[in-house]
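A.B. asks: sequence? don't have it. structure:
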């Protein structure tokens, strides 16, 4: 149990550092990781932040094992985490570059935004659904 808490705390701390970079030091996002690679640090930081967010939510939400809804939601979160791990590659294919500049491709840009929003919103929706389910079960026991 102690190692689980340590891992969760480390993921949360790293996610906090990434958010701090976005808010207070955005200049670093434009710098290239390797000269003339056209691979900005912002791509890697965004990708890592998105993945850590989904992984953290996956680890925080527990499946009680008894509820079919709970099991399915945990599986959906796993798929969402895998999607977040592939997010950078998907964006590279859609944009055609690591800068994620969607020039003359409005459909690909909208698709990329949709995938990103799905990755961000899905854990929150699942968290709320499981919270409502647990509340419903607690009220049913009374």
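C.D. replies: Here it is on my side, so go on. Keep in mind that what you see is a predicted model, and the values were worked out from it rather than measured.
A.B. asks: Nearest spatial neighbour of residue 44, chain-adjacent residues omitted?
C.D. replies: Leaving aside its chain neighbours, residue 44 sits nearest to residue 33 (6.5 Å; criterion: Cβ to Cβ, 6 or more residues apart in numbering). Every residue, glycine included, has its C-beta placed from N, CA and C.
A.B. asks: can you give me the strands for the chain?
C.D. replies: Using DSSP state E, no strands are found in the chain.
A.B. asks: Give the full set of residues in contact with residue 130.
C.D. replies: With contact taken as Cβ atoms under 8 Å, 6 or more residues apart in numbering, residue 130 is in contact with 61, 69, 70, 73.
A.B. asks: Just send these back as a markdown table, with neighbour count, distance to residue 107 and pLDDT too.
C.D. replies: Formatted as a markdown table, the contacts of residue 130 follow (neighbours: other Cβ atoms under 10 Å; distance: Cβ to Cβ, whole Å; pLDDT from 0 to 100):
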| residue | neighbour count | distance to residue 107 | pLDDT |
| --- | --- | --- | --- |
| 61 | 16 | 33 | 79 |
| 69 | 13 | 34 | 81 |
| 70 | 19 | 36 | 81 |
| 73 | 21 | 31 | 88 |
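A.B. asks: I'd like to know which of those residues are part of helices.
C.D. replies: 69, 70, 73 (DSSP state H).
A.B. asks: what's the closest non-adjacent residue to the first one?
C.D. replies: Spelled out, that is residue 69. Using Cβ to Cβ, 6+ apart, the nearest residue to residue 69 is residue 133, at 6.0 Å.
A.B. asks: residues near that neighbour, how many?
C.D. replies: 15 (other Cβ atoms under 10 Å).
A.B. asks: now do the one 5 residues further on
C.D. replies: Each residue near residue 138 was counted by other Cβ under 10 Å, and the total is 9.
A.B. asks: Nice, that's everything, thank you.
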